[in-house]
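Asks: Below: sequence and its predicted model.
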Amino acid sequence: MYVGWESAVGAIKFVWKIKNFLKLDSHKLYSNVFSLGDYKWRILLFPKGNKNEDHLSIYLGVADSGILPLGWSRNAKFSLTVLNQIDNKSSVKGATQHNFNADEDDWGFTKFIPLEELYDLGKGYLVEDTCIIKADVTIFSDGTHGSSKETSNQIATTGCKIATKSSTEEAIGAFFLDLESEISSSNNLSSKHVLEEALTVIRNTLNLDPAHSNDPGRISKIKTAFDVLSSFDDCSVLTAEQKEELLTTKEKFVDLPERAAKAAKDKNLFTHKEYVKRTLGCKLERCLTEFKKAKEETEQQERNIATLWGRVNFLYAEVGEAEKQKANFSSKQKEMFELSKDLKAELDVLEKQWPEYEAKMKDAEEEEKMVGTEWLKMKNLFHL
């Protein structure tokens, strides 16, 4: 209940089909614009999440928020649903209310459904790589409009093609309309109720996707419904051929959902394999990039090793020359050592003889003095 709000002035059901969902690379998507309450609205979607990378984010927004009149506001009650295309009861729905204005022109759910659950192809939210989002929006008067308007219900769809009916389909449609008219005018109330229930089962099944009708319980109800219709004897339009046509149509209700379910399964398998192929391709591309990088690094290291070996060979040559010089110096060292030993031995002998040589030196010096004195005397003798 919306306490203090005026009565509804407009309502709409809007369906948005997003194809190639897994291939989307946009951070943010907008649906087609739809009109409600004299203003344009749209759904805002963040496929990878808005500030939350593990959940789908989805909002309802005013399309022309930049040109809203001064003081504009609209009260809205709305729900956003990600349809489960396998089991409608498992669809994820979020409902809320908000007063839209120039400052708050969008409102919704940041954590709507975990991306892991959404991307699981077996869950049913992505079928044939298509995601279906439904918006149910009701606008209420904000007090500036005194009168209440009758709620109008509209259904808008995007991304779908309306097929043209063939003449056979038109004939079958006319047949069921005539049958419905006959049932309405029937005086047998008990059989009338049973027949109306049978038609309701058929209508409800036809409103489903064929692939989603392949349920044993539903198929059993469909068979029973057609058996009830084909046994209706109060209708003047039910000829033998039409009864036969009913039985043939009943068989189609069994065959077509099975074929559709198999086709959907095969297409889902292809979509999954396509995703796996794309994932493997990306991984292969990364591996090839790393392989090329590793190859380049390997070649660079081989060049570095070759350079180092060049230096090593040069150092080996220098080491060889140094070894030769070392051998020469070692030989010379041994030679000088032996020579030193001999010289030391001679020096030791000389040291032992040195006092004798010193004594002789002194004697020689005395003798030299004496000889000099005598020599001088001889020079004086001859007056020289």
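Replies: Cool, the structure landed. Numbering: from 1, shown residues only.

Asks: CA atoms for contacts and neighbours, from now on please.
Replies: Fine.

Asks: pull the longest helix from the chain.
Replies: Longest helix in the chain, counting residues (DSSP state H): helix 240-381.

Asks: what is the mean pLDDT for that one?
Replies: Mean pLDDT, helix 240-381: 86.

Asks: Relative to Val62, how far out is the residue most central in space within the chain?
Replies: Nearest to the geometric centre of the chain sits Lys48, at 8.1 Å (Cα atoms, centre = their mean). Plainly put, Lys48 is 22 Å away from Val62 if you go by Cα to Cα, to the nearest Å.

Asks: Which parts of the stretch 101-250 of the chain are helices?
Replies: 115-119, 167-184, 189-206, 216-230, 240-381 (DSSP state H, counting those that start in this stretch).

Asks: chain center to the first one, what's the gap?
Replies: Between the mean C-alpha point of helix 115-119 and the mean C-alpha point of its chain there is a distance of 11 Å (Cα atoms, centre = their mean, to the nearest Å).

Asks: so what's Ser26 closest to, chain neighbours aside?
Replies: The shortest distance from Ser26 to any non-neighbouring residue, by Cα to Cα, 6 or more residues apart in numbering, is to Pro47 (7.7 Å).

Asks: Phi first, then psi, for that neighbour.
Replies: Per-residue torsions, Pro47: phi -60, psi -30 (degrees, to the nearest 10).

Asks: cool, Asp129 as well?
Replies: Torsion angles at Asp129 (phi, psi; degrees, to the nearest 10) stand at phi 60, psi 30.

Asks: what's the answer for Trp72, then?
Replies: phi -70, psi 140.

Asks: how many neighbours does it have?
Replies: Trp72: 11 surrounding residues under other Cα atoms under 10 Å.

Asks: pretty sure it contacts Ala102?
Replies: Yes: contact criterion Cα atoms under 8 Å: Trp72 and Ala102 qualify, at 6.9 Å.

Asks: Can you tell me which of the helices of the stretch 101-250 of the chain is packed in deepest?
Replies: Each of the helices of the stretch 101-250 of the chain was scored by mean neighbour count; the highest is helix 216-230, a mean of 17, by mean count of other Cα atoms under 10 Å.

Asks: could you dump it to PDB, C-alpha only?
Replies: Below are the C-alpha coordinates for helix 216-230, written out as PDB (Å, rounded to 0.1, in the frame of the first residue of the first chain):
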ATOM      1  CA  PRO A 216       5.000 -34.600 -18.700                       C
ATOM      2  CA  GLY A 217       2.400 -33.100 -16.400                       C
ATOM      3  CA  ARG A 218       1.500 -30.400 -18.800                       C
ATOM      4  CA  ILE A 219       1.400 -32.700 -21.800                       C
ATOM      5  CA  SER A 220      -0.900 -35.100 -19.900                       C
ATOM      6  CA  LYS A 221      -3.200 -32.100 -19.200                       C
ATOM      7  CA  ILE A 222      -3.100 -31.100 -22.900                       C
ATOM      8  CA  LYS A 223      -4.000 -34.600 -24.000                       C
ATOM      9  CA  THR A 224      -6.900 -34.700 -21.600                       C
ATOM     10  CA  ALA A 225      -8.100 -31.300 -22.700                       C
ATOM     11  CA  PHE A 226      -8.100 -32.300 -26.400                       C
ATOM     12  CA  ASP A 227      -9.900 -35.600 -25.500                       C
ATOM     13  CA  VAL A 228     -12.600 -33.500 -23.700                       C
ATOM     14  CA  LEU A 229     -13.000 -31.100 -26.700                       C
ATOM     15  CA  SER A 230     -13.100 -33.900 -29.300                       C
END
